[in-house]
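>>> sequence plus the predicted model coming up.
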Amino acid sequence: MLLTVTDLHASYSGIRALAGVSLNVAQGEMVALIGPNGAGKSTLLNCISGIVRPGAGQIRVEEAELVRKPAWAIARMGILQSPEGRQVLPDMSVIENLRVGANALHGRRPTHDIQAVFRLFPILRERQEQLAGSLSGGQQQMLAIGRALMGGPRLLLLDEPSLGLAPVIVQQVFDALAQLRRDGMTILLVEQNARKALQVSDRAYVIEHGHVVAEGPSRRLAQDDGVIAHYLGTGGH
Amino acid sequence: MFLQQIVNGLVIGGVYALFALGFTLIFGIHKIMNLAHGGIFMTGAFIGLYSVQAGLPLWLAFILAMIGAGLVSVIIEVTAFRRLRQSGEVEFSALISSIGANLVLVSIAQMLSKTQVLRFPFDTFPVVIFKVWGLRVSALQLAMAVLAILLVAGLSWYLYRTGFGRQVRAVAQNERAALLAGIRPSVIYFQTFMLSGMLAGAAGVLVGLAFNSIHFMMGDPFLLRGFVVVILGGLGSVAGALVASLGFGVLQTLSVAYLSSRLSDIIIFGLLFAVLLLRPNGLFGQDEAGVLRGRR
Ligand SMILES: Nc1ncnc2c1ncn2[C@@H]1O[C@H](COP(=O)(O)OP(=O)(O)OP(=O)(O)O)[C@@H](O)[C@H]1O
Ligand SMILES: [Mg+2]
């Protein structure tokens, strides 16, 4: 297993967000994490990235324990997150944003250079000199993913990459994720668009109120009555 | 004559810019109002003076003052701000702790100087006057202008042309995204506080030479002027602080020359209010976001 999370607990000043979550991601696997608002999905990713300190539990990447490691050190190990809400560097150009992403390499071999990111998201090539703050929402999301790719991810954590995007852009983003999966990238994908997330991923976990309530191969979960009723019934978002 | 006053004002404005840039740098990047900046500036002047008194050449004293003030600034970051930063809500609590840090510096200087006004020895800087196109420019003024230009250019080069500077700007624009890209905050804080302190130290020595007066309270009026410059220029804006400092220097020189030195502050603060009425974000501020800012 590349990533193993065991019995993870986390809370924000006493309010519980994760109540004993265990999950794992194998090398080269794409795992989806779905669940309603406030379920604790972002909290889980932020615990892995070292931004939120868990109250208890373990997070292992291969043999290394991540809990208590600072966020910058985790990023330099190649555990790279593209956070919720298109977190770009607004007053820098597209190219500069990507160069910042390469900081996380810190001597490791890159997996993607700028040209590879441009091949994945051609619109960024056209906009390479534009300030990131003036990009459209979809372009910013692509840039945020591209920035994480520039850091040479061993494990890519994506937090709601399709949030608030127009359907055609959502499709472009998911096409890029499918491409990354074909290239063998290991990905943990948090999504509210459960239908698309289950289509693109190998396995999935459903998380509610800080607990994992269902898990299994994505194709099987997509046929699970409970999942259909709660997450696929209205046709996704 | 008028043109002469403009030149004098620009030179002194350039030195103000060194002070103000260090102040606005910390605010623009870390959202910290470092009220010890005046004390750091004063520390630079003292280190420069004592080095000269110890027999060192002025250029070496100047470098020591920059390094010494830079280190003091870094020490203040570690002792007064680092813990606060980790507990969040640093914006307000840093005001208080930096006032404390300033008091410490001022008290030490007060003891060392026995509350006296100190001066550089008479021949520290050769008194040479150049005449160009009817303007009188002293060698000291020339040196001040050249140093101010070099330091401002150096700062811009560092911020906008180097990988380090890119990391610094990344932290300023989105601290969390920078962290997720493997940028180590303590390294950035070290660099920015070092630079900010070095600029303040350089300004301290130059002001000490220009007005030939060094005393433990010399930082206070500068902090106030630094505020004006930084607010006029737009908080966190490098270009804004530069233009506002030059304007400030010229205005101050003109009002002292043609009106009265007592009117100078009234004019300058009056102007501050007028500008803020028309442009609440300062001359260069963009929707509360200067060049370096833009968090969220
Ligand atoms: N910084 C914070 N401070 C306090 N409470 C928080 C914080 N971040 C999250 N929470 C709370 O923790 C719980 C889990 O939040 P989290 O953001 O992990 O959910 P999520 O599954 O990512 O939701 P969404 O789909 O809306 O992004 C929620 O109840 C939320 O209100
Ligand atoms: Mg979330």
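Received it, and whenever you're ready, just let me know what you need. Ligands and ions are numbered 1, 2, ... in the order given.
>>> so what's the residue nearest to B:Phe130 when sequence neighbours are not counted up against?
Nearest non-adjacent residue to B:Phe130, counting by Cβ to Cβ, 6 or more residues apart in numbering or on different chains: B:Val137, 5.0 Å away. Quick note: C-beta positions are derived from backbone N, CA and C, even for glycine. Counting by Cβ atoms under 8 Å, 6 or more residues apart in numbering or on different chains, B:Val137 touches B:Val7, B:Ile129, B:Phe130, B:Lys131.
>>> between those, which is nearest chain A?
B:Val7 (34.4 Å; Cβ to the nearest Cβ).
>>> model confidence for that closest one, exactly?
Predicted confidence (pLDDT) for B:Val7: 91.
>>> again with the one 3 residues further on
At B:Leu10 the predicted local distance difference test score is 93.
>>> which element is the closest residue to A:Ile123 other than its chain neighbours on?
Setting aside the residues directly before and after it, A:Ile123 is nearest to A:Gln139 in space (Cβ to Cβ, 6+ apart), at 5.8 Å. Assigning secondary structure by DSSP states H and E places A:Gln139 in helix A:137-150.
>>> ok, A:Leu156 next?
strand A:155-159.
>>> can I get the CA coordinates of that strand in CSV?
Taking C-alpha atoms only, strand A:155-159 is exported to CSV below (Å, rounded to 0.1, in the frame of the first residue of the first chain):
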residue,chain,number,x,y,z
LEU,A,155,0.3,10.6,-4.3
LEU,A,156,-2.0,13.3,-5.7
LEU,A,157,-4.8,14.5,-3.4
LEU,A,158,-7.5,16.3,-5.2
ASP,A,159,-10.2,18.2,-3.2
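>>> now that strand against helix A:137-150, angle please.
160 degrees (axes from the mean of the first three to the mean of the last three Cα atoms, to 10 degrees).
>>> could you see whether chain B lies near strand A:155-159?
No. Counting by Cβ under 8 Å from any Cβ of the partner chain, chain B is not contacted by strand A:155-159; separation bottoms out at 9.2 Å.
>>> for that strand, which strands pair with it and how are they oriented?
strand A:79-82 (parallel), strand A:187-191 (parallel) (DSSP bridges).
>>> and the longest one, how far out from the chain middle?
Strand A:187-191 sits 4 Å away from the centroid of its parent chain (Cα atoms, centre = their mean, to the nearest Å).
>>> is that strand anywhere near ligand 1?
No. Strand A:187-191 lies out of reach of ligand 1 by Cβ under 6 Å from any ligand atom, never closer than 6.7 Å.
>>> quick one, helices of chain B?
According to DSSP state H, chain B carries its helices in the segments B:2-30, B:37-53, B:58-76, B:82-86, B:90-113, B:139-161, B:163-173, B:175-180, B:185-211, B:219-233, B:238-258, B:261-278.
>>> pull the number of nearby residues for the residue of the stretch 1-150 of chain B at minimum distance from ligand 2.
Closest residue of the stretch 1-150 of chain B to ligand 2, Cβ to the ion: B:Gly88 (20.1 Å). Each residue near B:Gly88 was counted by other Cβ atoms under 10 Å in any protein chain shown, and the total is 8.
>>> phi and psi next, for it.
Dihedral angles of B:Gly88 (phi, psi; degrees, to the nearest 10) stand at phi 80, psi 180.
>>> which helix is the longest one in chain A?
helix A:167-182.
>>> count of neighbours near A:Arg182?
For A:Arg182, using other Cβ under 10 Å, the count is 9.
>>> what's the distance between it and B:Gly208?
Separation of A:Arg182 from B:Gly208 (Cβ to Cβ, to the nearest Å): 66 Å.
>>> can you check B:Val7 too?
From B:Val7 across to B:Gly208, the span is 21 Å (Cβ to Cβ).
>>> B:Phe193 now?
Distance from B:Phe193 to B:Gly208, by Cβ to Cβ: 22 Å.
>>> swap in A:Gly50?
Counting by Cβ to Cβ - A:Gly50 and B:Gly208 are separated by 46 Å.
>>> swap in A:Arg60?
58 Å.
>>> ok and the residue in chain A nearest ligand 2?
A:Ser42 (3.1 Å).
>>> in which helix or strand would I find that residue?
Counting by DSSP H and E, A:Ser42 is found in helix A:41-49.
>>> ok, now which ones touch B:Phe81?
Contacts of B:Phe81 (Cβ under 8 Å, 6+ apart): B:His30, B:Ile32, B:Val90, B:Ala94, B:Ser97, B:Ser98, B:Tyr189.
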